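Engineer: this one's sequence-less:
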């Protein structure tokens, strides 16, 4: 994917995880780290769910982590440049 697409991916990931990934990051945070991190859409959705009484064993609650993990696995497998790497050295 080109740098414009990687920039888009990086922006969307920042919303999900609650921080901007450094270009040098090799992996995305695991779901348990996001749950304890206290920021980002991932955390917010799951926190809101528990606040209104949805049990953590609920299939929809679990599905959020499952889908994030699937996205993490997919993006980390892209090569030769990480999907969130917008460094000048990887511009083209």
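Structural biologist: Nice, I can see it. A quick note: this is a predicted structure, and the numbers were derived from the prediction, not measured.
Engineer: Quick check: phi and psi at the residue in the chain sticking out farthest from the centre.
Structural biologist: Here the chain reaches farthest from its C-alpha mean at residue 53, the gap being 24.7 Å by C-alpha atoms, centre = their mean. When read as degrees, to the nearest 10, the backbone of residue 53 gives phi 100, psi 10.
Engineer: measure it to residue 71 for me?
Structural biologist: 27 Å (C-beta to C-beta, to the nearest Å). C-beta: built from backbone N, CA, C; applies to glycine.
Engineer: Also residue 9?
Structural biologist: Using C-beta to C-beta, one gets 10 Å for the distance from residue 9 to residue 71.
Engineer: So between the two, which is more surrounded?
Structural biologist: Comparing residue 9 with residue 71 by other C-beta atoms under 10 Å, the one with more neighbours is residue 9, at 19 against 15.
Engineer: and the more buried one, helix, strand or coil?
Structural biologist: Following DSSP: H, G, I helix; E, B strand; the rest coil, we place residue 9 in the helix state.
Engineer: I figured it hits residue 75, correct?
Structural biologist: Yes - judged on C-beta atoms under 8 Å, residue 9 makes contact with residue 75 at a distance of 7.2 Å.
Engineer: shared neighbours of those two, which are they?
Structural biologist: 83, 84 (C-beta atoms under 8 Å, 6 or more residues apart in numbering).
Engineer: which stretches of this protein form helices?
Structural biologist: 3-17, 31-37, 40-51, 59-77 (DSSP state H).
Engineer: could you dump those to a markdown table with mean pLDDT?
Structural biologist: Below are the helices of the chain laid out as a markdown table (pLDDT from 0 to 100):
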| stretch | mean pLDDT |
| --- | --- |
| helix 3-17 | 96 |
| helix 31-37 | 97 |
| helix 40-51 | 98 |
| helix 59-77 | 98 |
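Engineer: Quick one: closest of those to residue 24.
Structural biologist: Of all the helices of the chain, helix 3-17 sits nearest to residue 24, with 12.6 Å by C-beta to C-beta.
Engineer: Right, I'll call it a day here.
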